[in-house]
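1. fold the following.
(chains A and B)
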2 protein chains.
Amino acid sequence: MSSITQTIIKTKQASVALQAATDKQIKKTLNDLSKALLQHSVTILKANAKDVAKQDATNPRTDRLLLNTARIKAIGDSIKNVAKLPLPGGKILDKRVLKNGLRLQRITTPLGVVAAIYESRPNVTYDIAALCLRSGNACLLKGSSEADNSNKAAIKIIKQVLADNGLPTDAVNLLPPARETVNHLFTATKFIDVIIPRGSNGLIEYVRKNSLVPVIETGAGVCHVYVEKTADLQMAAAIVVNAKISRPSVCNAMDTVIVDKAIAKPFFDIVAPLLKEKDVSVYADKLAYPLLKNKLTVYKASTKDFATEFLSLQCAVKTVGGIDEALEHIQTYSTKHSEAIVTNNKKLAQRFLKQVDAAAVYHNASTRFTDGEEFGLGAEVGISTQKLHARGPFALEKLVTEKWIIEGKGQIR
Amino acid sequence: MSSITQTIIKTKQASVALQAATDKQIKKTLNDLSKALLQHSVTILKANAKDVAKQDATNPRTDRLLLNTARIKAIGDSIKNVAKLPLPGGKILDKRVLKNGLRLQRITTPLGVVAAIYESRPNVTYDIAALCLRSGNACLLKGSSEADNSNKAAIKIIKQVLADNGLPTDAVNLLPPARETVNHLFTATKFIDVIIPRGSNGLIEYVRKNSLVPVIETGAGVCHVYVEKTADLQMAAAIVVNAKISRPSVCNAMDTVIVDKAIAKPFFDIVAPLLKEKDVSVYADKLAYPLLKNKLTVYKASTKDFATEFLSLQCAVKTVGGIDEALEHIQTYSTKHSEAIVTNNKKLAQRFLKQVDAAAVYHNASTRFTDGEEFGLGAEVGISTQKLHARGPFALEKLVTEKWIIEGKGQIR
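-> Purely as a prediction, here's the structure:
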């Protein structure tokens, strides 16, 4: 048996033992972990410096990898906040007494073992560990090789705090960052209850295609803002610019602006200079191209551009004859993440909100709000782009399953 | 493009059009369908007779395939009951106004397209179509070749009723019964939202391993009844016999009885004659074998027997030193369907109910109650043995996903 399989089995056993832990014990563990981070900040920073030293300082990924005192403090604060969250398990969803006297309850209960596969940010190691412990789950963490020193320092601290609090140290385990690790996870259906991949599309797609263990996808967003002809064009421009430029590298950033032909010219007159000012370049369809040509950097759009999640200061522009065409375009290209309409026509807004099939659908607001913290859910586990179990930003409350408890006095059927 | 792919795409389009249907329209459609079944009962019976004629009359599967006037009436009644069920979509799960004035709602909404893969029972065609329509979903039905004439008759009637009620006829489509059909379903991630396999373990396993579309498993049950040493032995015997013999071919039937060594002899004295009377043969472990040898047909159990879902008048017998060993045995062999303890020790009962990881966990009752109708959920879609989205018996309320609706006045982030 490989050492990875052994670790997986030990984590499963720890998940069973973890059920005996009290709420108080878990809370104290998380608060202790928060303190331990500050106590061991020198160790954490030293380990992180080794990881950072291997990277090209000019690469934006290096900043994602970097820890400093302020960031360690922020992680500690976040763990403290997780400790305060209500327990998602043990909630009674349904309660009934059958005619035959059987007493039924449907209750929430921890999933068991959660495996997370993620990329360079070292804070994810602490975040996922804290969220899993709070919800009564054991976890398996598979980070990137770039952050391996940082992650090893993290797991050492976490295990020490678990031990000090009388919890099974195998409740949190770090797996080797090598790619082949994931193949062990994919087949461990008896020991792992869910895999949550966080990272690039390539990673998520690979997990979805190959895992026999159920997956919660936290996927790509090809997001649209549709500027309908009755829209307040200033508002529409502000939303489009914000949705594109406030953080272009994230999944809720806008990728395509859809514009009613009737207002394309006046709208472009307002929005193009604003996009140009922020160095946004666009891929425009046939009708939009000549209207934008002299206003900013513009290329002729191909079909591929409409299916692209840009993650950069680029977007596509599509003109339409009205809402039907807009809905059709969205249905064809949307990854069902976040979609917005800007309009003053309430009836059309309602139709859009009802008919668009996405995790988050907006009327007169930026798609950038799709986020667990922004939605007030507390620490976010991820933004699900699938339809089963969790959809959109989700937190602790989705790290549980259900269970029917039936109490009788000898009833038979 | 293959004709199957064309049908899949047309079903997706119908699922969008279906969103415009009113609650009243859907209810009327279902009530009309219920009536149409009676009107066309001669046609239905003729088609069914063709299917039945091809089968061996002595095979129990033939009875499952058979329709008669009473069964058609029962299907019609069941459709009428589905029409009465509350709409699972449009339920507000969460509602909040953020500090920035954004108004958020999390609501339930139809999944879109549900694909069902099932075996010989022709009533499933009507059941799934009715449940999907009631919940606002379009559906793709893949039945067995044995029931193909019956299913073709069904789909013709269903489509006529859809058309008469102004609903898209592609909202319900029957696919060819050939095995290769399923491979088209497995890759249609853009058009199918969930696949529900209903049937043998082999089928379910095949779907789980090969589908890229999310699956709700409705799987096998290796179910245990644990007779703890403080149990009322008469009650325990009644539960064991009922869990085994009342319908041995179904997933909630008992497969292994676990018995505390301390009461093994007196318990076997009571239960063995009852099992013998019903022609049950047993696979007994080392300690149980000599105690049972002269009481009924008994074989020496191998490890494989403890992992078997018998679906027949057979069961395994395992003796243990107490609850820890019982829990360990269940954790090793359970398929997480239905598990029971018989005991008068309330503390041990609570521990068992908490610690056993299964969809339904019982104290002093037969595992045979795990069923949507028995639990009072209304028409059951299936009994889920997975942990995400749906667990245990589930009905209409799990044929929905969630969606965040966000209404603003131009808010940007």
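
2. run through the helices of the stretch 1-150 of chain A in chain order.
-> Secondary structure of the stretch 1-150 of chain A by DSSP state H, counting those that start in this stretch: the helices cover A:3-18, A:23-39, A:41-53, A:60-65, A:69-84, A:123-134, A:148-164.

3. kindly list the longest strand within chain A.
-> As assigned by DSSP state E, the longest strand anywhere in chain A is strand A:400-411.

4. B:Thr401: which of the helices of the stretch 1-150 of chain A is closest?
-> helix A:123-134 (22.5 Å; C-beta to C-beta). Yep, even glycine has a C-beta here, placed from its N, CA and C like the rest.

5. how far off centre is the helix or strand of chain A with the lowest mean pLDDT?
-> Across the helices and strands of chain A, the lowest-confidence element by mean pLDDT, DSSP states H and E is helix A:60-65, at a mean of 81. What separates the centre of helix A:60-65 from the centre of its chain is 18 Å, taken as C-alpha atoms, centre = their mean, to the nearest Å.

6. now the helices of the stretch 1-150 of chain A as CSV including distance to A:Pro290 and mean neighbour count?
-> Listed next are the helices of the stretch 1-150 of chain A as CSV, based on distance: least, C-beta to C-beta, whole Å; neighbours: other C-beta atoms under 10 Å in any protein chain shown:
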stretch, distance to A:Pro290, mean neighbour count
helix A:3-18, 58, 18
helix A:23-39, 57, 18
helix A:41-53, 48, 17
helix A:60-65, 34, 14
helix A:69-84, 47, 17
helix A:123-134, 46, 25
helix A:148-164, 51, 20
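
7. would you mind putting the ones you listed into TSV with distance to A:Val282 alongside?
-> Formatted as TSV, those follow (distance: least, C-beta to C-beta, whole Å):
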stretch	distance to A:Val282
helix A:3-18	46
helix A:23-39	44
helix A:41-53	35
helix A:60-65	22
helix A:69-84	35
helix A:123-134	33
helix A:148-164	38
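
8. weakest of those in terms of mean pLDDT?
-> Ranked by mean pLDDT, the helices of the stretch 1-150 of chain A bottom out at helix A:60-65, with a mean of 81.

9. now do it: which elements does it pack against?
-> Helix A:60-65 is packed against helix A:41-53, with contacts defined by 3 or more C-beta pairs under 8 Å, 6 or more residues apart in numbering or on different chains; DSSP states H and E.

10. against chain B, how distant is the residue located most distally from the centre of chain A?
-> For chain A, the residue at maximal distance from the C-alpha centroid (C-alpha atoms, centre = their mean) is A:Gly410, at 46.5 Å. Distance of A:Gly410 to chain B, computed by C-beta to the nearest C-beta, to the nearest Å: 4 Å.

11. what's the closest residue to that residue other than its chain neighbours in contact with, if anything?
-> With C-beta to C-beta, 6 or more residues apart in numbering or on different chains as the criterion, A:Gly410 has its nearest non-adjacent residue at 4.0 Å, and that residue is B:Met235. Counting by C-beta atoms under 8 Å, 6 or more residues apart in numbering or on different chains, B:Met235 touches A:Gly410, B:Val342, B:Asn364.

12. and B:Met235, what pLDDT?
-> pLDDT, read off for B:Met235, is 98.

13. domain-wise, how is chain A divided?
-> A:3-218+A:385-407, A:223-369 (automatic domain parsing).

14. need those domains in CSV with distance to B:Arg179, can you?
-> Output for the domains of chain A, formatted as CSV (distance: least, C-beta to C-beta, whole Å):
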stretch, distance to B:Arg179
domain A:3-218+A:385-407, 21
domain A:223-369, 31
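
15. of all those, which lies closest to B:Val282?
-> Once the domains of chain A are compared by C-beta to C-beta, domain A:3-218+A:385-407 is nearest, at 25.4 Å.

16. gap between that closest one and the chain center?
-> 13 Å.

17. got the end-to-end distance for it?
-> 41 Å (C-alpha to C-alpha, to the nearest Å).

18. same check, this time on stretch A:382-390
-> End-to-end span of stretch A:382-390 (C-alpha to C-alpha): 10 Å.

19. next one: stretch A:83-100
-> Note: stretch A:83-100 ends 42 Å apart using C-alpha to C-alpha.

20. rewinding a little: does anything pack onto the longest strand of chain A? Which helices or strands?
-> By 3+ C-beta pairs under 8 Å, 6+ apart, strand A:400-411 packs against strand A:103-110, helix B:233-245, helix B:346-355, strand B:360-365, strand B:392-394.

21. just checking: what are the partner strands of whichever helix or strand comes after the longest one?
-> Helices and strands here follow DSSP states H and E; after helix B:233-245, the next one along the chain is strand B:254-260. According to DSSP bridges, strand B:254-260 has the following sheet partners: strand B:223-227 (parallel), strand B:314-320 (parallel).

22. in JSON lines: those strands, plus mean neighbour count and mean pLDDT.
-> Shown next, in JSON lines, are these (neighbours: other C-beta atoms under 10 Å in any protein chain shown; pLDDT from 0 to 100):
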{"stretch": "strand B:223-227", "mean neighbour count": "28", "mean pLDDT": "98"}
{"stretch": "strand B:314-320", "mean neighbour count": "24", "mean pLDDT": "98"}
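
23. can I get these in JSON lines with distance to A:Ile9?
-> Shown next, in JSON lines, are those (distance: least, C-beta to C-beta, whole Å):
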{"stretch": "strand B:223-227", "distance to A:Ile9": "22"}
{"stretch": "strand B:314-320", "distance to A:Ile9": "22"}
